[in-house]
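Enquirer: Below is the sequence, then the predicted model.
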Amino acid sequence: MSSILLAIVIGAGFGGTLDRVGATNPSLIGRMLNFTNLNLMKTILLAIRTGSVLMFRGADTGPC
């Protein structure tokens, strides 16, 4: 049960952060795809990197 709550908290934090940086703004997404404003892309890549590091660190520690 605690793993489900942890997943909900992490998902809400990730979604809130993406909303805060403007990932829900279509014009900002368009500027990112045209390579005129790369702030959103940097944020997404940072989130992927952080999630990957945390996932592999968690896998190294073994099951709870």
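Expert: The structure has been received and is ready for your questions.

Enquirer: Look up which helix or strand the residue nearest the centre of the chain falls in, please.
Expert: Nearest to the mean C-alpha position of the chain, by Cα atoms, centre = their mean, lies Ala47 at 3.9 Å. Counting by DSSP states H and E, the element that carries Ala47 is helix 39-61.

Enquirer: Quick check, the residue nearest to the centre of the chain in contact with Arg20.
Expert: No - in this structure, Ala47 is not within contact of Arg20 by Cβ atoms under 8 Å, at 11.9 Å. The way it works is simple: take the backbone N, C-alpha and C, and place the C-beta from them, glycine included.

Enquirer: So for stretch 52-64, mean pLDDT?
Expert: If you average the pLDDT over stretch 52-64, you get 77.

Enquirer: circling back to that earlier point, and the residue nearest to the centre of the chain, how far is that from Ser2?
Expert: Distance, Ala47 to Ser2, using Cβ to Cβ, to the nearest Å: 23 Å.

Enquirer: Over to Met32?
Expert: Noted for Met32: a distance of 36 Å to Ser2, by Cβ to Cβ.

Enquirer: Could you give the number of residues near the closest residue to Asn37 other than its chain neighbours?
Expert: Spatial nearest neighbour of Asn37, chain neighbours left out: Arg31 (4.0 Å); criterion: Cβ to Cβ, 6 or more residues apart in numbering. Residues near Arg31, counting by other Cβ atoms under 10 Å, number 16.

Enquirer: next one: Ile4
Expert: So Ile4, with other Cβ under 10 Å, has 8 neighbours.

Enquirer: just to confirm, which helix or strand has it in it?
Expert: helix 2-21.

Enquirer: Need the CA coordinates for that helix. PDB is fine.
Expert: The C-alpha coordinates for helix 2-21 follow below in PDB (Å, rounded to 0.1, in the frame of the first residue of the first chain):
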ATOM      1  CA  SER A   2       2.800   2.400   0.800                       C
ATOM      2  CA  SER A   3       4.300   1.900  -2.700                       C
ATOM      3  CA  ILE A   4       1.000   3.000  -4.300                       C
ATOM      4  CA  LEU A   5       1.000   6.200  -2.100                       C
ATOM      5  CA  LEU A   6       4.600   6.900  -3.000                       C
ATOM      6  CA  ALA A   7       3.800   6.500  -6.700                       C
ATOM      7  CA  ILE A   8       0.900   8.900  -6.400                       C
ATOM      8  CA  VAL A   9       3.000  11.500  -4.500                       C
ATOM      9  CA  ILE A  10       5.900  11.200  -7.000                       C
ATOM     10  CA  GLY A  11       3.500  11.500 -10.000                       C
ATOM     11  CA  ALA A  12       1.700  14.500  -8.500                       C
ATOM     12  CA  GLY A  13       5.100  16.200  -7.900                       C
ATOM     13  CA  PHE A  14       6.300  15.400 -11.400                       C
ATOM     14  CA  GLY A  15       3.000  16.600 -13.000                       C
ATOM     15  CA  GLY A  16       2.900  19.800 -10.900                       C
ATOM     16  CA  THR A  17       6.500  20.600 -11.900                       C
ATOM     17  CA  LEU A  18       5.800  20.100 -15.600                       C
ATOM     18  CA  ASP A  19       2.700  22.300 -15.300                       C
ATOM     19  CA  ARG A  20       4.800  24.900 -13.500                       C
ATOM     20  CA  VAL A  21       7.400  25.100 -16.200                       C
END
